[in-house]
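> How does the following fold in three dimensions:
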Amino acid sequence: MARSLYIHWPFCLAKCPYCDFNSHVRDSVDHAVWEAALLADMRHEAGLASGEPLDSIFFGGGTPSLMPPALVAWLLAEAERLWSFAPGIEITLEGNPSSVEAANYADLAAAGVNRASLGLQALDDQTLHFLGRLHNAAEGLKAVETAQAVFGRVSIDLIYARPGQTIADWQAELAQAIALGTSHMSLYQLTIEPGTRFETLVRKGDFIPLDDDACADLFTLTREQTAAAGLPAYEISNHARPGEESRHNLTYWRYQDYVGIGPGAHGRRGGEATVRHKKPENWLAAVGATGHGIMETRPLGLREQAAEAMLMGLRLREGIDLSAKARRFALAEADLLNPAKVALFEEQGLVWRNGELLGVTEAGMPLLDALLGELVPAELVEA
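You can find the predicted model right below:
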């Protein structure tokens, strides 16, 4: 049963030009209405996915550091009442490092949050302006310092492979970020997502994204520099000191069950996929009418579950246990992976195999998307 809970807070002060997440800007938010609706959505899920204590909770968004700490406290208290908490539960809250939000950190920690994920995105003012961020570099650095003083664990996000960025530029910025001393870093290449303002700007020729070769060089540098600093990559874009990996995100990548509440939240529980209404107003209306925000509940066949598990698990440095996956989904190992492609890519040094364990090598990680398309049989993905 589900041991992880995701809570989506959809509101931001501004929409970043690269962002395709379910985030919305509103003039005002009635926190009492949202508290009641989120609690109702949570109670509905607990009635369907009760059982084991929660091992992790993740507040994502949007910008959940804009939530009143009292609301966070109420949600955590109700989650503990409904499911109970496993010893040492990981409770993460995403936030932007503006001074307004940093002022809430102590109260959020008192509410029960013990891990902060800060969207720094860059460490210089010019780049932050380009990325549409509302904080400046000084605010970002101060927010990290404040977070480290009140939360047990802190992660930072940075975006690299930006237009015109050189190896030397990123090497210096990454060294500065590592020196901040956080135990976890999420380092993402800038991608131009459909429907974003950046897609429009690129189409108009206002800027040109970095080319693939330059991106690959920066990816390699990122892996080498973080590993040398004791924060090796445990997933294609995530780096941590050993033992400091995000337990909540590992739930996704290891294809374990999780509950998602709030606008646009997805869930996987008991062989079913749940999707909630995306627009905040539609989600609120659904909760008012039915007691939950679910737009769709869809049974997942074993082959579809297997495909998702393979595509997620191969993102991890630890790889996947083929025999365990075959047993779980009642399939032969040859149904999960193309044996001829595995042999070819192993010979080329792009994948590794150790008994029943299989994963992608450091040399293969830059080619992960292409490798997945070859390794996982199309008939499994299209099942």
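> Show me where the chain dips below the pLDDT cut-off.
1-2, 49-50, 99-100, 383 (pLDDT under 70).
> Now do the same contact list for F345.
Going by CB atoms under 8 Å, 6 or more residues apart in numbering, F345 touches 351, 364, 371, 374-375. Where you see a C-beta, it was placed from the backbone N, CA and C, and this is true even at glycine.
> now the residues you listed as CSV including secondary structure?
Below are the contacts of F345 laid out as CSV (DSSP: H, G, I helix; E, B strand; the rest coil):
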residue, secondary structure
V351, strand
G364, coil
L371, helix
E374, helix
L375, helix
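> Looking at these, which is nearest A143?
Nearest to A143 out of the contacts of F345 is G364 (CB to CB; 35.7 Å).
> got the contact list for that closest one?
G364 sits in contact with 345, 349-351, 371, where contact means CB under 8 Å, 6+ apart.
> Export the contacts of F345 to TSV and append columns for distance to P10.
Output for the contacts of F345, formatted as TSV (distance: CB to CB, whole Å):
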residue	distance to P10
V351	38
G364	36
L371	34
E374	37
L375	35
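> Pick out whichever of these sits closest to E199.
L371 (26.2 Å).
> The closest one touches V360, doesn't it?
Yes. Counting by CB atoms under 8 Å, V360 is a contact partner of L371 at 6.2 Å.
> Of the two, which one has the most company?
Per other CB atoms under 10 Å, whichever of L371 and V360 has more neighbours is V360, with 23 against 19.
> my guess is T146 is in a helix, correct?
Yes. If the criterion is three-state DSSP, then T146 is within a helix.
> What is the neighbour count of it?
For T146, using other CB under 10 Å, the count is 20.
> and it, what does it touch?
102, 105.
> ok, it to G195 distance?
As judged by CB to CB, to the nearest Å, T146 and G195 stand 34 Å apart.
> ok, for S186, nearest residue in space, not its chain neighbours?
D157 (4.6 Å; CB to CB, 6 or more residues apart in numbering).
> The one you found touches L118, doesn't it?
Yes. D157 sits in contact with L118 when judged by CB under 8 Å, with a separation of 6.9 Å.
> Which one's more surrounded, these two?
Each of D157 and L118 has its neighbours counted (other CB under 10 Å); L118 has more, 29 against 20.
> Give me the next element, helix or strand, following the helix or strand encompassing L82.
Assigned by DSSP states H and E, L82 belongs to helix 69-83. Counting by DSSP H and E, the next helix or strand C-terminal to helix 69-83 is strand 85-95.
> That following strand pairs with which strands, and in what direction?
According to DSSP bridges, strand 85-95 forms sheet pairs with strand 54-61 (parallel), strand 115-121 (parallel).
> With distance to L93 added, can I get those strands in CSV?
As requested, the strands paired with strand 85-95 are exported to CSV (distance: least, CB to CB, whole Å):
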stretch, distance to L93
strand 54-61, 4
strand 115-121, 6
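> Assign the residue positioned nearest the centre of the chain to helix, strand or coil.
Central residue of the chain (CA atoms, centre = their mean): N249, 6.1 Å from the mean position. What three-state DSSP gives for N249 is helix.
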